[in-house]
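>>> sequence plus predicted model, see below.
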Protein chains: 4
Amino acid sequence: MIPRYSRPEMTAIWSPETKFKIWYEIEAHACDAQAALGVIPKANAEAVWKAKDVAFDVARIDEIEAVTKHDVIAFLTHLAEHIGADEARFVHQGMTSSDVLDTTLNVQLVRAADILLADMDRVLAALKKRAFEHKDTVRIGRSHGIHAEPTTMGLTFARFYAEMERGRQRLVHAREEIATGAISGAVGTFANIDPAVEEHVCLQLGLKPEPISTQVIPRDRHAMFFATLGVIASSMENIAIEIRHMQRTEVLEAEEFFSPGQKGSSAMPHKRNPVLTENLTGLARLVRMTVIPAMENVALWHERDISHSSVERGIAPDATITLDFALSRLAGVIEKLVIYPENMLRNMNKFKGLVMSQRVLLALTQAGVSREDAYRLVQRNAMKVWEQGADFKTELLGDAEVTAALSPAEIEEKFDLGYHTKHVDTIFRRVFGAL
Amino acid sequence: MIPRYSRPEMTAIWSPETKFKIWYEIEAHACDAQAALGVIPKANAEAVWKAKDVAFDVARIDEIEAVTKHDVIAFLTHLAEHIGADEARFVHQGMTSSDVLDTTLNVQLVRAADILLADMDRVLAALKKRAFEHKDTVRIGRSHGIHAEPTTMGLTFARFYAEMERGRQRLVHAREEIATGAISGAVGTFANIDPAVEEHVCLQLGLKPEPISTQVIPRDRHAMFFATLGVIASSMENIAIEIRHMQRTEVLEAEEFFSPGQKGSSAMPHKRNPVLTENLTGLARLVRMTVIPAMENVALWHERDISHSSVERGIAPDATITLDFALSRLAGVIEKLVIYPENMLRNMNKFKGLVMSQRVLLALTQAGVSREDAYRLVQRNAMKVWEQGADFKTELLGDAEVTAALSPAEIEEKFDLGYHTKHVDTIFRRVFGAL
Amino acid sequence: MIPRYSRPEMTAIWSPETKFKIWYEIEAHACDAQAALGVIPKANAEAVWKAKDVAFDVARIDEIEAVTKHDVIAFLTHLAEHIGADEARFVHQGMTSSDVLDTTLNVQLVRAADILLADMDRVLAALKKRAFEHKDTVRIGRSHGIHAEPTTMGLTFARFYAEMERGRQRLVHAREEIATGAISGAVGTFANIDPAVEEHVCLQLGLKPEPISTQVIPRDRHAMFFATLGVIASSMENIAIEIRHMQRTEVLEAEEFFSPGQKGSSAMPHKRNPVLTENLTGLARLVRMTVIPAMENVALWHERDISHSSVERGIAPDATITLDFALSRLAGVIEKLVIYPENMLRNMNKFKGLVMSQRVLLALTQAGVSREDAYRLVQRNAMKVWEQGADFKTELLGDAEVTAALSPAEIEEKFDLGYHTKHVDTIFRRVFGAL
Amino acid sequence: MIPRYSRPEMTAIWSPETKFKIWYEIEAHACDAQAALGVIPKANAEAVWKAKDVAFDVARIDEIEAVTKHDVIAFLTHLAEHIGADEARFVHQGMTSSDVLDTTLNVQLVRAADILLADMDRVLAALKKRAFEHKDTVRIGRSHGIHAEPTTMGLTFARFYAEMERGRQRLVHAREEIATGAISGAVGTFANIDPAVEEHVCLQLGLKPEPISTQVIPRDRHAMFFATLGVIASSMENIAIEIRHMQRTEVLEAEEFFSPGQKGSSAMPHKRNPVLTENLTGLARLVRMTVIPAMENVALWHERDISHSSVERGIAPDATITLDFALSRLAGVIEKLVIYPENMLRNMNKFKGLVMSQRVLLALTQAGVSREDAYRLVQRNAMKVWEQGADFKTELLGDAEVTAALSPAEIEEKFDLGYHTKHVDTIFRRVFGAL
């Protein structure tokens, strides 16, 4: 977790305070269930709720842990300080530490997913708004970084929207996968605790009971969760790279918002760096690097080894905090991105009219010119544009062999941008539904 | 692709023959759609189907490509050799190579997913069968590789079943995600081809039209696909590691099947190596390594750069062929795994009765003995087992301080294995439904 | 950085205090060089050293940065508060922020490497000590987890020593690679500063001047550094896995040290978990996961993009702090590892004498018995051991067909452990030099 | 291994023919050593060399393996067919399969490294040639994709040279690390074979004896090898990305060579795609993905498990063949790269003179203008360039407040490109030695 790439709401999920609060809730709900089963006295279960509004003292718990060398026991000892040693007697009965720890981790991941979903909603809203705003803003489409055929800026935003929407659905799935709890004992057999306790606690915490666990909840669920974050981070990188390209000095079709007062640029107006999207490119790597260790965590020995634990202490906060920060930053970048439609036109016409050469070629062949001749005709006029900066349409209109096959009006029509944008609405309907 | 880790059906999906067949189908269906739109003559569209049963000549296509330097043009030239140059005139009209190539890749991935789903069904069937077979076969549950509490072999199979079942559902999702096609032109604007063509071709091939594409289908779909294979491979490794542990000379609770005739072992009966599951451990790494490059492929420049292509030429066949082989091998290993229930009991009793020490401790405290005293009592008897090989129950029954708190019958009851297996049926119902 | 897996000395390297101290030293040395070149007045250069013993006030610098939005400017402003605005006038002249930041990062990585080298020395010393201690402690060598032929515990320690020694040499290389500094300006041309400044600063900081830089030091150096940490972490995992296996209940050839007072184990003497080495297994994954992002950082756009920066803010402290902690923990584990030689013998003889079957087979063929007959003879006696728990040697001595080929003395000799350990000294000399 | 990304010389290293040839050499040299020790008859050792020029029949060996289910035995059987069953009797005596297999793998990796080193030499030669050719070809240096200060194309080539040279040294190290052989028996104790055999075989094959092995050569060596290839691949990507950027339509400072006859471009002269460097970007990912599995291979169980084997069957050929192809392609790209110096100047002057704004700012402050005033002066002239396309120098010369501080000659001097290139020779000397 890197403080400068962290936001408080997500960071709070991973604080000791939150962790102890969830531990408490699990223990308290478990007591209720045990009391309902008649395993422990109702009064003791009720007593636990006396600590409902307590903010547990992390320093005190650490102090106890320094003695007991066991975090859960330290917490339970501290809890007893709040509700009374006698009343606390039955707390945790029949449970193992992992019941508490693993269920807690999943509660945290579910909450993290909820924040990330909200982040994605903001990104989606921004993308949609910008897509409609620039639905008809023509710019050159590029393959291999080379001009190809015209498209619109709105389509670029729309495809990022569609990609993020897919990412959102994947995260909904991943959240559902991780929303399980387990209170099943040392090897998952419920030997010392009734499955009804697990069911009750899970219900209260918004989880489903893990159908079959060992000492721990199976780690394929977590692997899928982190893999999903990795894909979302990669989609984020996809958007970031596009913006970085657009902001290049030679392209300058868009810029990250730069507040007028922001110093440093004053003397060098061209020196506005796409530092936010460069940063997002790096953050994507940080999220993605958690995927492989999460997968390596799946194969535990027998009913559990604890090798996954240190990994998760790192990657669980790191991946969620980083992605939360990054998505939030991404939303801001998109919302405020400065678009330069005139530069888009200027770039498209760098080689005047040349991006239409393929359409002209096609028209010539359709007009009966042989493929070889059509090539020759297009090429000789194209080369004048390429080498001498001529205007492609003008050259074609002045080439007798071309005009023998295509009328001036037909030639003119080939340079109509509407030809390229005629299906923009169709695509928008596919992405956003009825317009 | 490593021949020895390949099976013919999956390998065939990635053969040039299959690829050309799919190219052909896309072109033929596209002609139908173009004819229906009135863009090309119906007769030409029909003529394309003359090649319906042709096995395209890969060597001939390679020969043409050596001249044209373009694979799709080479194929189209060869196709014209089959259906007539004149009839072939309108084939591919308005399309770009990527329309064919990308849609084909997804058809291949869908077919690969179908084989993998069948593989997983076989693994699931084997796991279920073995789970019920050993539902009540008691063995020691282990955490950290150390004996903890009893469980059953059936529960081990059942949890692998549940994990693989989750993997299967993930693959169903991933298959659905990748089942899209795109025929949208050089930058995805449908400038030169009507969206109806895309719709028709996709319908015929069992795909959905990609709502919005550039020159290519967005790569987040593929990233998710490979990530899913990576998680499944990790679950496979989980099973493999369990079997490798069980086959250790000192544990010997199970062995990979070893045919009686298999030489090499004859002189050294203990030297039966779990080479299949060791192999699966390695194969899991090979599948998993494709995840990061698939994610790195997502961020393409503008409407496409071709950096993803070489990656996919490697990882698409490699990951699917390797996982298919591995799942098939895994199914065989599980189906024929030799289980040694007696060794399980022998291992559990390595320290006679000691795995019950925690239950005894609990019983003593519940009988009113103070926590400190209970520890002391259990410990002094446990140490005799640990250090002198005594029998724990016998020692307890002979310890007056213990018997003062617990009757012989009560002590006896603490060693009842049924205590640990009483919820096996509950868990089986959760995993497999009604028994 | 996970506090519980951090040690203060390494953590301190990555503190803001240390960072500012290094920044200060770079600026002060640069002023000296500039003064020597006559670019700035000597008095101003000398004045900078007034702050030599200042502990910079991080909160104050943060406060200034909140206004200036630039970390280096904030620091320089704070520095001026210590040495006087007028005296500070020439500090940083001709330099860019990256000159300071990138050189500082490398100073930090070099210092981190020095700590890691010391850690490895401690691991090496422990391995060597234990290797000699158990040079002749026989135990069974295993391939595939299955008993193969005898070896010694000393050889196990010796091979870990050799592997760690290789890791140490790699780290020496990686440290050398990263020990460069650059003060070359905005695009690395030295346009605004003389190369002599870079040379002087590097000399003072124990670095070499980067022969050619852009705005930044090339990131292949860092990629190699993290890759090297990844390999060392993997070697650490190799040792950890061995210990985890040895501590399994069924094997119990060694245990992590468990202090007598450590509670929890008192009632269950068998329940001593190898939690430290399991932890090391997980920490290895955390170190290893930094390798790919470090490699992705190499390809920066033109003279630099800042995508690497956020990655390094994460992985540089994380990988070095985690590996430092892990190596230190590893050293402790090895130093105090409890070895059980009797259990090693007991395990080796689980199937009495059977591990010698291959030697007997060889002896029979060498004595003129045909390969087929030799197999048959060995097999029929081996199976009695395997199935009925007989003693292999006894059976052989009682088998007339065997004794027809081999005398009792010859049979006896085949069970001599010295046969297997005769080259232990040779190997030790190879690893440790003259004994 | 992807045929289209493979070159015959490297592919040949991984062919069965080569493998069997190396097996043969190991066995033959081992026989010599065994004969010298008096373990086997000299005549038998000599007889083995009868097969010196035999091209082993892979199909025949496969046929035998189908029966024996063991590759090394199959080979030995086939070998006996060449040299006589009786003469072959002592071949492989005292050795285990891994002795042959592992030593062979290292021979293959060493040979692969030699080819890669030659590839790198070609890349280095090309970079050096182009560096000197364009030592003084000025172009704009960019940070964040935004114009910063002038640099030269020669410096770009020079820094790639320096980076590749570092890569080459790393590969020399990695080659040295992997150049070991082991003939030490089933668990590495030399129980059945004298260490002298290992020494002799290694000497003959250009390897060093592995100081201590188990059944296998330790895998940290291989991990380091693949990690090194990963770093080199990343450096290759660094060059590829630069070229892809330079070829963008809007930048067009360089292009991959495009032979005049190459069709497809004829009609669209701007549509020359940097497909080779895009391809290299993808190939870098393929090489890099082998690093993590190679590291996961390090931690084997006890004296060996075979999980590494399937991984290496994939990554050893894949990584070396792919990198060989890629480096060779990279060399060709660099050798023939078409550079457009005029476009470099045109790009640099996109905003006429604006890249010098920082120098002017500095000059104003040095001339005694306050920082605030200097900013204001530079900014108001810079904005005219930025917004109205004015020429920066002209504007400055016409601004009375500016000329009050700086003489026209001083202003003129600030636009001297020589200021930026004055240390190019210094840097070249650092990189290439004396010029």
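Everything's here; your move.

>>> just give the closest residue to residue A:5, not the sequence neighbours.
If you skip the residues right next to it in sequence, residue A:5 has residue A:325 as its closest partner in space, 4.6 Å away by C-beta to C-beta, 6 or more residues apart in numbering or on different chains. (C-beta placed from N, C-alpha, C; glycine too.)

>>> so is stretch A:224-238 next to chain B?
Yes - counting by C-beta under 8 Å from any C-beta of the partner chain, chain B is contacted by stretch A:224-238 at A:224, A:227, A:228, A:230, A:231, A:233, A:234, A:235, A:237, A:238.

>>> residues from the stretch 1-150 of chain A in reach of chain D?
With C-beta under 8 Å from any C-beta as the criterion, the stretch 1-150 of chain A meets chain D at residues A:140, A:142, A:143, A:144, A:145, A:146, A:147, A:148.

>>> output the below-cut-off pLDDT ranges for the stretch 201-350 of chain A.
Along the stretch 201-350 of chain A, the parts satisfying pLDDT under 70 run over A:260-267.

>>> circling back: ok, and the most crowded of the residues of stretch A:224-238 next to chain B?
Neighbour counts for the residues of stretch A:224-238 next to chain B were taken using other C-beta atoms under 10 Å in any protein chain shown; the highest belongs to residue A:231, which has 32 neighbours.

>>> show me the contacts for that one.
By C-beta atoms under 8 Å, 6 or more residues apart in numbering or on different chains, the residues touching residue A:231 are A:167, A:170, B:220, B:223, B:224, B:227, B:295, B:298.

>>> check residue A:291 too.
Counting by C-beta under 8 Å, 6+ apart, the residues that residue A:291 touches are A:223, A:226, A:227, A:229, A:230, B:227, B:230, B:291, B:292, B:295.

>>> the residues you listed in helices, which ones?
When those are checked against helices (DSSP state H), the matches are A:223, A:226, A:227, A:229, A:230, B:227, B:230, B:291, B:292, B:295.

>>> got the contact list for the last one?
So that's residue B:295. For residue B:295, the residues meeting the contact criterion (C-beta under 8 Å, 6+ apart) are A:230, A:231, A:233, A:234, A:288, A:291, B:223, B:227.

>>> what does the third one give?
Contacts of residue A:227 were listed using C-beta under 8 Å, 6+ apart, and they are A:291, A:294, A:295, B:227, B:228, B:230, B:231, B:291.

>>> the second one now?
With contacts defined as C-beta under 8 Å, 6+ apart, the neighbours of residue A:226 are A:290, A:291, A:294, A:295, A:315, A:319.

>>> and the nearest residue to it once chain neighbours are set aside, how close does it get to residue A:312?
Nearest non-adjacent residue to residue A:226, counting by C-beta to C-beta, 6+ apart: residue A:294, 3.7 Å away. Between residue A:294 and residue A:312 the distance is 8 Å, computed by C-beta to C-beta, to the nearest Å.

>>> any residues in contact with both of the two?
Here residue A:294 and residue A:312 share the contacting residues residue A:222, scored by C-beta under 8 Å, 6+ apart.

>>> who's more crowded, these two?
Set side by side, residue A:294 and residue A:312 show more neighbours around residue A:294, with 29 against 23, by other C-beta under 10 Å.

>>> hmm, the more buried one is touching residue A:225, no?
Yes - counting by C-beta atoms under 8 Å, residue A:294 sits close enough to residue A:225 to count as a contact (7.4 Å).

>>> mind listing what residue A:353 touches?
Under the contact definition (C-beta under 8 Å, 6+ apart), the residues listed for residue A:353 are A:385, A:391, A:392, A:393, A:415.

>>> and these, which of them are buried?
For the contacts of residue A:353, a neighbour count by 16 or more other C-beta atoms under 10 Å in any protein chain shown gives the buried set as A:385, A:391, A:392, A:393.

>>> closest to chain C among the ones in helices among the contacts of residue A:291?
When the ones in helices among the contacts of residue A:291 are compared for distance to chain C (C-beta to the nearest C-beta), residue B:292 wins out at 5.9 Å.

>>> where's residue A:214, which helix or strand?
Secondary-structure assignment from DSSP states H and E places residue A:214 in no helical or strand segment.

>>> could you find the closest non-adjacent residue to it?
Take residue A:214 and drop its neighbours on the chain: the residue closest to it by C-beta to C-beta, 6+ apart is residue A:303, 3.9 Å away.

>>> wait, what's in contact with residue A:8?
Taking C-beta under 8 Å, 6+ apart as the definition of contact, residue A:8 has no neighbours.

>>> please redo it, this time with the cut-off set to 10 Å
Shown in contact with residue A:8 (C-beta atoms under 10 Å, 6 or more residues apart in numbering or on different chains): residue A:15.

>>> could you pull out the helices in the stretch 301-435 of chain A for me?
Chain-ordered helices for the stretch 301-435 of chain A, with DSSP state H, counting those that start in this stretch as the definition, fall at A:307-336, A:341-348, A:357-366, A:371-388, A:392-397, A:400-405, A:408-414, A:418-421, A:424-432.

>>> tell me which of the ones you listed sits nearest to residue B:373.
Of all the helices of the stretch 301-435 of chain A, the one in closest proximity to residue B:373, counting by C-beta to C-beta, is helix A:307-336 (33.2 Å).

>>> having no further points to raise, I will conclude here.
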